[in-house]
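with the sequence up front, the predicted model follows.
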Amino acid sequence: MMADRLLLVNVKQKQWLVLVALANILLVLPQIHWSILLLTITIVSYQFYGTLHAFSKQARVNKLFSWLAIILIIATGYQQGILISMVQLLTCAYCLKLGELNKNKDLYQFLLLGFFVLAACFIFYQSLWIFGLTLLLFVLNTTIVTVALYRTESFITVLKKHGRLFAYSLPLAFALFFLFPKLSPFWQVPLAKSAKTGLSDSVKVGDIANLALSNELAFRVEFKTPPASQQPLYWRAMTLDQFDGSSWRKESARRKMQTVRQPSITWSQLPPVEYQVIAQPSFQTWLFSLDYPNIFTQSAQVKVLSDASVRATKPIVQRVSYGVASDIGAKLDVNLSERARAKYLALPQASDINPRLRQLGQELSQRYTQPMAKVEWLQQHFSSNDYFYTLTPQTLANNSLDQFYFETKEGFCEHYASTFTFIMRAAGVPARLVTGYLGAELNEQGQFYRVLQRDAHAWSEIWIEGQGWQRVDPTGFVAPERVLSGFSEQLTSEQNNLNNDFLAQWGVSDALVFLKLKHFFESLDYQWSKWVVSFDNKRQNNLLQGFMNALSSWQTYLYVLVVVLFVILSVFLWRLYDKRTRFVAKSKEDVRFEQLQDLLAKHGDSKETSQTVSAFCAHIAQRYPPLAESVTTFASHYNQLKYRDLSESRQKDVERELEANFNKLKQSIGAVSS
């Protein structure tokens with residue numbers, strides 16, 4: 001069997017194998033712990049160095065690397081989670097396989113491991129560019145392994161053949177994508193602890209300011225019926241109702257209740273705002289919508305909770321698409337129970353937590369009876385005093401809200417929203433904190449909006465009798481342009497100096513040419529997400545149902561006939577192509593004879609096309625008498641292996657003699673040349 005043959009890989013081929021392994025691993029490196037990253041780089045570097053220098057203790061070194069990998073994977077497993085640990089295990093196994101490419105089956109295993117590494121990349125990234133890069137690496141993997149296995153043709157020739165074969169398979173892959181049933185997964189992808197991105201289910205001062213330094217994409221939106229142009233876009237994610245003195249979070253028991261209880265919304269007569277959302281993977285469950293969501297389309301895995309926030313039934317491990325119709329004029333919880341009222345008025349039990357704000361709230365409660373009067377007083381206070389809106393506020397210690405309001409007077413949106421919500425509760429007004437995103441950036445070429453992590457925002461909601469929950473954004477008290485545009489000029493400039501966007505730091509990202517190119521590529525990736533990544537079982541059924549309904553009975557039969565003929569033709573062309581391009585593995589004697597020709601070609605002795613092996617060896621024996629005995633013996637061994645029917649034991653003996661004779665020839669040729 002060919003799979004049991006010894007693998008004869010030259011130095012250049014081994015270097016190509018190491019380089020393609022490095023390229024495969026680069027796709028998943030951002031998800032790997034730094035210690036595993038250092039180990040994989042060390043293994044790959046060692047294997048590349050080994051192509052230039054022979055090592056006598058390769059097996060021992062591989063065992064050492066294996067034990068180090070096991071120890072590091074176990075040590076980082078709890079911190080990274082099972083998903084990342086499995087990816088790290090796969091990556092280490094793939095790198096270690098480079099050190100034991102002894103037989104053909106080892107190369108097959110190396111190729112399959114490489115395919116698994118490429119597939120693991122799609123767990124974390126689903127963009128069009130990653131898909132294209134993965135396809136390119138897929139072709140390179142198969143090409144390099146084929147050259148190493150068969151040694152029949154040059155790299156470029158094999159690459160062209162594989163490229164054509166890949167192109168021929170695209171129509172079939174396209175048809176299978178749309179026609180093959182999209183079954184639900186048999187298991188759920190385990191969560192990666194380090195992979196969670198975006199908003200958290202708890203907020204303390206400084207959290208959202210850190211997100212404002214990130215230009216990562218949160219989600220995209222395409223409006224079917226756009227809202228009024230003067231209407232700011234508040235993308236609701238979650239409400240936080242418990243404050244412990246340092247952070248806001250959700251009531252633990254409420255999480256379970258909200259999955260059952262429906263929101264109490266009084267709908268208005270305004271036309272709904274319809275839009276499509278494509279959310280990036282965050283390994284969290286919360287999604288985003290405008291106030292207040294009414295109808296969902298194209299997704300059965302999206303639920304509305306009692307606070308009108310949107311949740312996915314499972315953590316978002318890949319891009320998810322859902323359609324929403326929001327009623328901007330609707331009212332939420334017009335009637336509030338006594339239990340809920342008490343919950344939204346609750347303050348930390350310890351009276352020494354922000355005592356000055358408590359006193360201020362009590363004074364406002366005595367001075368004003370209407371909630372909006374208290375809001376207007378705070379608005380006037382923030383706008384007429386020296387409060388600043390900055391990404392880098394001073395560090396706050398104990399009683400952080402007291403310190404912010406009375407002393408430092410500089411902060412980000414969560415500073416203002418937390419302080420405002422606390423004062424409202426102390427003043428006897430039910431209030432809660434809301435987190436989400438504010439604003440959106442229009443892509444004019446694709447006619448969709450992008451919402452980035454830097455658009456993360458926090459605001460407040462207060463409950464008013466007969467009106468329900470009303471949004472109040474204390475940030476607008478200080479910097480109204482932040483509410484209108486999503487990011488004030490002051491903060492944009494400040495962010496460009498703090499984040500890691502190279503183009504933004506130099507002002508290049510605002511240049512017209514770069515902006516158009518950026519929008520063009522973003523538009524391509526959006527269409528990819530919209531029509532490919534988000535193409536689930538429901539959309540497939542709708543597409544096929546609409547297509548079949550548009551056909552009459554005879555057209556349906558014709559359609560089925562065309563599909564069957566297409567499959568038969570594809571199989572026929574494949575078999576025809578396979579016969580013409582099938583690679584034949586070269587025997588050991590052929591490989592050694594080619595290497596002998598390469599050695600002699602350096603001295604100007606090349607084999608003529610019409611010459612047999614025996615004739616060529618006789619010519620060399622006559623030209624170089626010191627080589628006569630060795631080269632004649634080589635020709636005898638070659639002819640025995642090539643043309644005689646030897647027993648298995650005798651074949652192995654002759655192969656060993658051929659190998660020893662070839663090594664002797666190499667030394668003799670070197671001595672003759674010197």
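Now that the structure is in, tell me what you want to look at. Numbers count the residues shown, from 1 in each chain.

pLDDT at residue 20, what is it?
Looking at residue 20, its pLDDT stands at 90.

which strands or helices does the helix or strand that contains it pack on?
Using DSSP states H and E, residue 20 sits within helix 11-26. Applying 3 or more Cβ pairs under 8 Å, 6 or more residues apart in numbering; DSSP states H and E, one finds that helix 11-26 contacts helix 34-50, helix 82-97, helix 104-124, helix 128-150. C-beta: built from backbone N, CA, C; applies to glycine.

so which residues make contact with it?
With contacts defined as Cβ atoms under 8 Å, 6 or more residues apart in numbering, helix 11-26 is touched by 9, 40, 44, 47-48, 51-52, 91, 94-95, 98, 101, 110, 114, 117-118, 137, 140-141, 144-145, 147-148, 155.

select only the buried ones of those residues in PyMOL?
Burial among the contacts of helix 11-26 is assessed by 16 or more other Cβ atoms under 10 Å; the matching PyMOL selection reads:
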select buried, resi 9+40+44+47+48+51+91+94+95+98+101+110+114+117+118+137+140+141+144+145+147+148
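
mean confidence for the helix or strand harbouring residue 571?
Using DSSP H and E, residue 571 sits in helix 553-581. Across helix 553-581, pLDDT averages out at 68.

OK, contacts around residue 288?
Contacts for residue 288 (Cβ under 8 Å, 6+ apart) come out as 218-219, 235-237, 277, 279, 310, 436-437, 451.

show me those that map onto helices.
Using DSSP state H, no member of the contacts of residue 288 sits in helices.

so which of the residues you listed belong to strands?
218-219, 235-237, 277, 279, 310, 436-437, 451 (DSSP state E).

how about CSV for the residues you listed, with pLDDT added?
Shown next, in CSV, are the ones in strands among the contacts of residue 288 (pLDDT from 0 to 100):
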residue, pLDDT
218, 91
219, 93
235, 94
236, 94
237, 92
277, 92
279, 90
310, 90
436, 93
437, 94
451, 93
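
which non-adjacent residue is nearest the most centrally placed residue in the chain?
Among the residues of the chain, residue 125 comes closest to the average C-alpha position under Cα atoms, centre = their mean, at 2.0 Å. Nearest residue to residue 125, sequence neighbours excluded (Cβ to Cβ, 6 or more residues apart in numbering): residue 27, at 7.7 Å.

how many neighbours does the residue lying closest to residue 236 once chain neighbours are set aside have?
Closest residue in space to residue 236, ignoring its immediate chain neighbours: residue 436 at 4.8 Å, by Cβ to Cβ, 6+ apart. Residue 436 has 25 neighbours, counted by other Cβ atoms under 10 Å.

isn't residue 313 up against residue 304?
No: if you go by Cβ atoms under 8 Å, residue 313 and residue 304 don't touch, sitting 12.0 Å apart.

give me the more crowded residue out of those two.
Legend: neighbour count by other Cβ under 10 Å for residue 313 and residue 304, higher for residue 304 (20 against 11).

got phi/psi on the more buried one?
Dihedral angles of residue 304 (phi, psi; degrees, to the nearest 10) stand at phi -100, psi 130.

same check, this time on residue 624
Residue 624 adopts backbone torsions of phi -120, psi 90, taken as degrees, to the nearest 10.

and what of residue 221?
Per degrees, to the nearest 10, the backbone of residue 221 is at phi -140, psi 140.

for it, which non-adjacent residue is closest in space?
Using Cβ to Cβ, 6+ apart and skipping residues adjacent in sequence, the residue nearest residue 221 is residue 449, 4.5 Å away.

which residues does the helix or strand hosting residue 629 contact?
Taking DSSP H and E as the definition, one finds residue 629 inside helix 628-643. For helix 628-643, the surrounding residues in contact (Cβ under 8 Å, 6+ apart) are 587-590, 592-593, 596, 613-614, 617-618, 620-622, 624, 646, 651, 654-655, 657-658, 661-662, 664-665, 668.

filter the residues you listed to the buried ones?
Neighbour counting with 16+ other Cβ under 10 Å marks 588-590, 592-593, 596, 613, 617-618, 620-621, 624, 654-655, 657-658, 661-662, 665, 668 as buried within those.

shaky segments in the stretch 551-674 of the chain?
Low-confidence segments of the stretch 551-674 of the chain (pLDDT under 70): 551-560, 574-586, 672-674.

what ranges of the stretch 401-550 of the chain fall below the confidence cut-off?
479-512, 515, 536, 538, 546-550.

which residue ranges of it form helices?
Ranges of helices in the stretch 401-550 of the chain, per DSSP state H, counting those that start in this stretch, are 413-426, 475-478, 480-485, 489-498, 502-505, 512-528, 537-549.

residue 135 and residue 156, how far apart?
Separation of residue 135 from residue 156 (Cβ to Cβ, to the nearest Å): 19 Å.

and what of residue 468?
For residue 468, the distance to residue 156 - Cβ to Cβ - is 70 Å.
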